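1. Sequence first, then the predicted structure:
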2 protein chains.
Amino acid sequence: MTASPSTTPSDHERGAELQVLTTDECYRLLATRQIGRLGVNAEHYPLIIPLNYAVDRDVIVMRMAPGTKLSAVQHANVAFEVDEIDQRTRSGWSVLVRGLAEEITPAHREELVTRTEGTGLTTWAPGEHGHWVRLIPQAISGRRIIPGQLPPAFEASAYL
Amino acid sequence: MTASPSTTPSDHERGAELQVLTTDECYRLLATRQIGRLGVNAEHYPLIIPLNYAVDRDVIVMRMAPGTKLSAVQHANVAFEVDEIDQRTRSGWSVLVRGLAEEITPAHREELVTRTEGTGLTTWAPGEHGHWVRLIPQAISGRRIIPGQLPPAFEASAYL
């Protein structure tokens, strides 16, 4: 069933293209999602924590529950990833932020507290998420996989 | 528009429920996706790397390009996350594996090499991904958010 004359199976999708995203495109895509994934060293592992977020200018705003993960993000190097994946076309994009996280407390400038809470961020998960965290990007990068063989724009059989 | 008599905005989705998944359910869900996210300490950050994966029994099989990230996973504590998120109903599930990663080389038992490559894992991204990595879980956990107010099963206006 392979279109290639090769006798070995393909190592990757034939003709797929990898695009490196510009910084502007990364920030634009970052603003399109509601759930991202925080990478933080806690409990001896580089944990990945899915959570709701909002964007305040270039800063990522999160709300966290009290506990070891919140303590671990405080003034720590962290990562934040968002993506959108299409399993059908085997394509998608991802954006990765590397940055420094900091919990916002009443000790911060009132304007900063107001702006952070002014994002109106709510969490899908029940439970207390009373701690507001700002993640200040130090670097942002992203890539997009464009499928090599696009499916037909309309495939009638898909709806039957 | 809020159904609550409270005058403050809701902190999270009203009535949403958080379910802790069993180990069996975590492994079952792990096998349903094609893209996961590897958490690994490299370049001074707990990076999050989206990649294709396959499952060999309880082990997660990945293919990586040579470089600093591959070096960083070798015999290191890593994490691996998969999820499925529905922005419309504000719900979804996520599974997080904590484990130890190891590159598979010809120095390994032939049966292990055969089984690893026998997963037939291919990568969507073009480029060389010639290094096979096995991630041996040490712990697995997962959770599911069930929306509090389910939308109607069929909402005619959504199609207009």
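-> Structure received. Numbering: from 1, shown residues only, chains lettered A, B, ... in the order given.
2. Please count neighbours and contacts with C-alpha atoms only from this point.
-> OK.
3. For chain A, which segments are assigned as strands?
-> Here chain A has its strands, by DSSP state E, at A:17-20, A:35-42, A:45-56, A:59-64, A:77-86, A:91-104, A:131-146.
4. can you redo these as CSV with mean pLDDT?
-> Formatted as CSV, the strands of chain A follow (pLDDT from 0 to 100):
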stretch, mean pLDDT
strand A:17-20, 94
strand A:35-42, 97
strand A:45-56, 97
strand A:59-64, 97
strand A:77-86, 96
strand A:91-104, 97
strand A:131-146, 97
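5. Can I get these in CSV including distance to chain B and mean neighbour count?
-> Listed next are those as CSV, based on distance: least, CA to the nearest CA, whole Å; neighbours: other CA atoms under 10 Å in any protein chain shown:
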stretch, distance to chain B, mean neighbour count
strand A:17-20, 6, 16
strand A:35-42, 5, 24
strand A:45-56, 5, 22
strand A:59-64, 10, 22
strand A:77-86, 6, 21
strand A:91-104, 7, 21
strand A:131-146, 6, 19
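6. and the nearest residue to residue A:55 once chain neighbours are set aside, what are its bridge partners?
-> Distances taken as CA to CA, 6 or more residues apart in numbering or on different chains put residue A:61 closest to residue A:55, at 5.8 Å, once the chain neighbours are dropped. Beta-bridge partners for residue A:61, by DSSP bridges, are residue A:54, residue A:134.
7. In this structure residue A:61 contacts residue A:118, no?
-> No. Here residue A:61 lies out of contact with residue A:118, judged by CA atoms under 8 Å, at a distance of 10.3 Å.
8. Residues in contact with both of these two, list them for me.
-> Applying CA atoms under 8 Å, 6 or more residues apart in numbering or on different chains, one finds that no residue jointly contacts residue A:61 and residue A:118.
9. The closest residue to residue A:86 other than its chain neighbours bridge partners, please.
-> Of all residues not flanking residue A:86 in the chain, residue A:92 sits nearest, at 5.7 Å (CA to CA, 6+ apart). Counting by DSSP bridges, residue A:92 forms beta bridges with residue A:85, residue A:145.
10. which residues does residue A:92 contact?
-> Neighbours of residue A:92 in contact, by CA under 8 Å, 6+ apart: A:83-86, A:144-146.
11. and which of these is nearest residue B:48?
-> residue A:83 (10.9 Å; CA to CA).
12. Contact partners for that closest one?
-> Taking CA under 8 Å, 6+ apart as the criterion, residue A:83 is in contact with A:36, A:92-95.
13. center of chain A, which residue is that?
-> Closest residue to the average C-alpha location of chain A: residue A:82 at 1.6 Å, with CA atoms, centre = their mean.
14. Would you indicate which residues of stretch A:21-32 are buried?
-> Neighbour counts over stretch A:21-32 (16 or more other CA atoms under 10 Å in any protein chain shown) mark A:21, A:26-27, A:29-31 as buried.
15. and that stretch, does that touch chain B?
-> No. Stretch A:21-32 does not reach chain B (CA under 8 Å from any CA of the partner chain); its nearest approach is 11.0 Å.
16. Give me the contact list for that stretch.
-> Contacts for stretch A:21-32 (CA under 8 Å, 6+ apart): A:54-55, A:58, A:82, A:95, A:140-144.
17. Adding distance to residue B:48, write those residues out as TSV.
-> Supplementary listing: the contacts of stretch A:21-32 in TSV, determined by distance: CA to CA, whole Å:
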residue	distance to residue B:48
A:54	19
A:55	19
A:58	19
A:82	10
A:95	10
A:140	12
A:141	12
A:142	12
A:143	13
A:144	15
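18. which of these sit farthest apart?
-> A:54 and A:144 (22.0 Å).
19. and the buried residues of stretch A:21-32 as CSV, adding distance to residue B:50 and pLDDT?
-> Below are the buried residues of stretch A:21-32 laid out as CSV (distance: CA to CA, whole Å; pLDDT from 0 to 100):
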residue, distance to residue B:50, pLDDT
A:21, 15, 98
A:26, 15, 98
A:27, 18, 97
A:29, 16, 98
A:30, 15, 97
A:31, 19, 96
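20. my read: residue A:42 touches residue A:69, true?
-> Yes. Residue A:42 is within contact range of residue A:69, at 6.2 Å (criterion: CA under 8 Å).
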